[in-house]
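Asker: With the sequence up front, the predicted model follows.
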Amino acid sequence: GESVGLHLPTLSVQEGDNSIINCAYSNSASDYFIWYKQESGKGPQFIIDIRSNMDKRQGQRVTVLLNKTVKHLSLQIAATQPGDSAVYFCAENSKKSSGDKLTFGTGTRLAVRP
Amino acid sequence: NAGVTQTPKFQVLKTGQSMTLQCAQDMNHNSMYWYRQDPGMGLRLIYYSASEGTTDKGEVPNGYNVSRLNKREFSLRLESAAPSQTSVYFCASSVGPELTQYFGPGTRLLVL
């Protein structure tokens, strides 16, 4: 069935290093993807998005890469900081007969070592 | 702007009790959503409202009802709470159904 998943449930990185969080999606008709950050006890917070007509988009310290050939999405965080510690979700906008729906992955926990 | 607000933050219910979770947004968004989040699972859509005056079932609607009171407010009601409804509930809103959703802080519900 249609699903959004993550390759790694937890990722531990040294402060200052770059982080890469991966996500696989299965619906080739999805045309919009979003990365969210969720800190403990809080709601998901929008980080960055990308449409299927792009393969890369950059924000402040974050870059999202989209590879439609292999249906893979990644979030790169440059110079990871302690404040980046959180769970990161990818979401895809699935085109369904009932309308557009966001489907969320289960999340990857990013732990930043001082 | 406060964004998306939810009340209450925490609630403990006994099996069979009823309650309403409140959600409001001040971003003039058309679409609003209710999700539940359980350990080890992604956010699951309970109900959504693509625009004022419409509501539709999501992935897990059983045991819940919703009301889109006006453009700003979207409430979720549990008529007879069950332990399986213990979860964290998030409300979200977006300009339109195909666009980025913005989330509230969540309501943590425990049903005994």
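Answerer: Everything's here; your move.

Asker: Strands along the chain, start to end?
Answerer: Assuming you mean chain A. Using DSSP state E, the strands of chain A run over A:4-5, A:10-14, A:19-25, A:32-38, A:45-51, A:56-58, A:62-67, A:72-77, A:86-96, A:99-104, A:108-113.

Asker: could you do chain B instead?
Answerer: Using DSSP E, the strands found in chain B span residues B:4-7, B:10-13, B:19-25, B:31-37, B:44-49, B:56-57, B:64-68, B:74-78, B:87-94, B:102-103, B:107-111.

Asker: burial of the closest residue to B:Ser49 other than its chain neighbours, as a residue count?
Answerer: Using CB to CB, 6 or more residues apart in numbering or on different chains and skipping the chain neighbours, the partner closest in space to B:Ser49 is B:Arg68 (4.3 Å). Using the backbone N, CA and C atoms, a C-beta is placed for each residue, glycine as well. Residues lying near B:Arg68 (other CB atoms under 10 Å in any protein chain shown) number 20.

Asker: So which bits of chain A are right by chain B?
Answerer: A:4, A:32, A:34, A:36, A:41-46, A:49, A:89, A:93, A:98-107 (CB under 8 Å from any CB of the partner chain).

Asker: Which among the strands of chain B is found nearest to A:Pro9?
Answerer: Checking the strands of chain B against A:Pro9 by CB to CB gives strand B:31-37 as the closest, at 15.6 Å.

Asker: by contact count, what packs against that closest one?
Answerer: Packed against strand B:31-37 by the contact rule (3 or more CB pairs under 8 Å, 6 or more residues apart in numbering or on different chains; DSSP states H and E) you find strand B:19-25, strand B:44-49, strand B:64-68, strand B:74-78, strand B:87-94.

Asker: contacting residues around the first one?
Answerer: Residues outside strand B:19-25 that contact it (CB atoms under 8 Å, 6 or more residues apart in numbering or on different chains) are B:3-8, B:11, B:13, B:32, B:34, B:72-78, B:81, B:89, B:91, B:93, B:102, B:104, B:107, B:109.

Asker: Name the residues of that strand that are buried.
Answerer: Across strand B:19-25, burial judged by 16 or more other CB atoms under 10 Å in any protein chain shown covers B:21-25.

Asker: likewise the third one?
Answerer: Within strand B:64-68, the residues that count as buried by 16+ other CB under 10 Å are B:64, B:66, B:68.

Asker: Can you lay out those residues as CSV showing pLDDT?
Answerer: Shown next, in CSV, are the buried residues of strand B:64-68 (pLDDT from 0 to 100):
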residue, pLDDT
B:Tyr64, 98
B:Val66, 97
B:Arg68, 96
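
Asker: As a markdown table, the residues you listed with distance to A:Ser19 would be great.
Answerer: Listed next are those as a markdown table, based on distance: CB to CB, whole Å:
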| residue | distance to A:Ser19 |
| --- | --- |
| B:Tyr64 | 37 |
| B:Val66 | 37 |
| B:Arg68 | 39 |
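
Asker: A:Ile21: which of those is nearest?
Answerer: So of those, ranked by how close each gets to A:Ile21 (CB to CB), first place is B:Tyr64, at 31.6 Å.

Asker: mind listing what the closest residue to that closest one other than its chain neighbours touches?
Answerer: Excluding its sequence neighbours, the residue lying closest to B:Tyr64 (CB to CB, 6+ apart) is B:Ile46, at 5.3 Å. Contact analysis of B:Ile46 by CB under 8 Å, 6+ apart lists B:34-36, B:58-61, B:64, B:66, B:76, B:89.
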